[in-house]
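Engineer: Sequence first, then the predicted structure, then my questions.
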Amino acid sequence: MEKIKEIVKKRYSQIAKEGTSCCPTCGPCGHNATEQAKRIGYSEEEIGKIPKEAVMGLGCGNPTALADLREGETVLDLGAGAGIDVFLAANKVGPGGYVIGVDMTEEMIKKANKTAKKYRYKNVEFRVGEIENLPVEDNSVDVIISNCVINLSPDKLRTYKEAYRVLKPGGRVLISDLVTEGELPEKIRRSSAAWAGCIAGALEKRRYIETIRKAGFRDVKIVSQNTYEPEPNGILRGKITSVKVKAYKK
C-alpha cells in the first residue's frame, strides 16, 4: 500500500514541479493543458474564469458540472491537485461558501496555495493529507467532489468511509473516476506506470458501486459514463470506463 502511494506521489510531484503532464485519460499526449481539460468536460468559459495555473489537464471528467453546487455550501475536493475544481467550486458557492482541497502531494498543495494567494481567493483552503485519512472534521461538509483520484487509492472502502464521516447528514458526493469492465490483466495490475496512470487501481464497475454502498451511502447512481480507449487495438480495449457517480449520506 505504501509503495503504491509513493509511486503516485512521485509522479504528481514531478507534474507539479514541471507544470506539464501527459494525461492518460484525456486522449493522445501532446495536447496542452487547456485542450486536455476541454477533452474531459471543462468548457472554455469555465476555464476562462479560474487561474490558468490551476489548469493542468488532469482528470477524467468535470465533477463541478454535475454536483449542483449552491451558494453558501461547504465543498471538499478529494485529491485537489493544483486546484482546478476547487476554484470552479469557489465561484459557484460564492463568498458565503467555502471550498477545501486535500491532496497528499505537498508540491501540488504549495502550487495551489500560491495560486489562491496570487488571485486573492478568500473562500478556499488547501490541506496536505491522504484521502484515506482526511484532515477534516466530522459532519462538516455539504458536498464532496473528486476527479479521477479515488482509483489511485489502494483502500477505496476506507476512502469512502472517510467521505461519509466528514459529510453532513443528507450531504452528497459527485465523483468522476475510472472503473473497469471486467477484470484487468494481471500484468497491468502489477504495473507501477499503470497505477500512476489511473488504470491499474481501477475497480470493476459493479464492485466500485458496491464499495460506495458498503461505506453507508444511499441512492448510489451513475449519472453519466463513457468508454475510454487507451489502446484502440490493445489489451485494454473496452476495459476502461469513465463514470460520474452521485450518492448521498443517510
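Structural biologist: Done, it's in.

Engineer: tell me the centre residue of this protein?
Structural biologist: In the chain, the centroid-proximal residue (CA atoms, centre = their mean) is residue 147; its distance is 2.1 Å.

Engineer: Strands of the chain, residue ranges please.
Structural biologist: Here the chain has its strands, by DSSP state E, at 74-78, 98-103, 124-128, 141-147, 167-180, 218-228, 240-248.

Engineer: right, so of these, which gets closest to residue 34?
Structural biologist: Evaluated with CB to CB, these place strand 141-147 nearest to residue 34, the distance being 16.0 Å. C-beta coordinates here come from the backbone N, C-alpha and C atoms, glycine included.

Engineer: so how far is the closest one off the chain centroid?
Structural biologist: 9 Å (CA atoms, centre = their mean, to the nearest Å).

Engineer: Touching it from outside, list them.
Structural biologist: 58-64, 67, 69, 73-79, 81, 84-85, 89, 100, 131, 163, 166-168, 171-177 (CB atoms under 8 Å, 6 or more residues apart in numbering).

Engineer: any idea of the angle it forms with strand 167-180?
Structural biologist: On the basis of axes from the mean of the first three to the mean of the last three CA atoms, to 10 degrees, strand 141-147 is oriented at 10 degrees to strand 167-180.

Engineer: Which strands border strand 141-147, and is each parallel or antiparallel?
Structural biologist: strand 74-78 (parallel), strand 167-180 (parallel) (DSSP bridges).

Engineer: buried ones in the longest one?
Structural biologist: In this case it means strand 167-180. Within strand 167-180, the residues scored as buried using 16 or more other CB atoms under 10 Å are 167, 171, 172, 173, 174, 175, 176, 177, 178, 179, 180.

Engineer: what about stretch 33-49, how long is it end to end?
Structural biologist: 15 Å (CA to CA, to the nearest Å).

Engineer: Next, the buried residues of that stretch.
Structural biologist: For stretch 33-49, by 16+ other CB under 10 Å, it's 33, 34, 36, 37, 38, 39, 40, 41, 42, 46, 47.

Engineer: Quick check, the first one in contact with residue 55.
Structural biologist: Yes - assessed by CB atoms under 8 Å, residue 33 is found in contact with residue 55 at 5.1 Å.

Engineer: re the thing from before, quick one, which of the strands of the chain is nearest to residue 12?
Structural biologist: strand 98-103 (8.0 Å).

Engineer: Can you give the contact residues for the closest one?
Structural biologist: So strand 98-103 is contacted by 74-81, 83, 85-86, 89-90, 93, 109, 112, 123-129, 131, 134-136, 141 (CB under 8 Å, 6+ apart).

Engineer: picking that back up, quick check: which of the strands paired with strand 141-147 is nearest to residue 222?
Structural biologist: strand 167-180 (9.0 Å).

Engineer: quick one, the closest one and strand 240-248 angle?
Structural biologist: Using the same axes, to 10 degrees, strand 167-180 lies at 170 degrees relative to strand 240-248.
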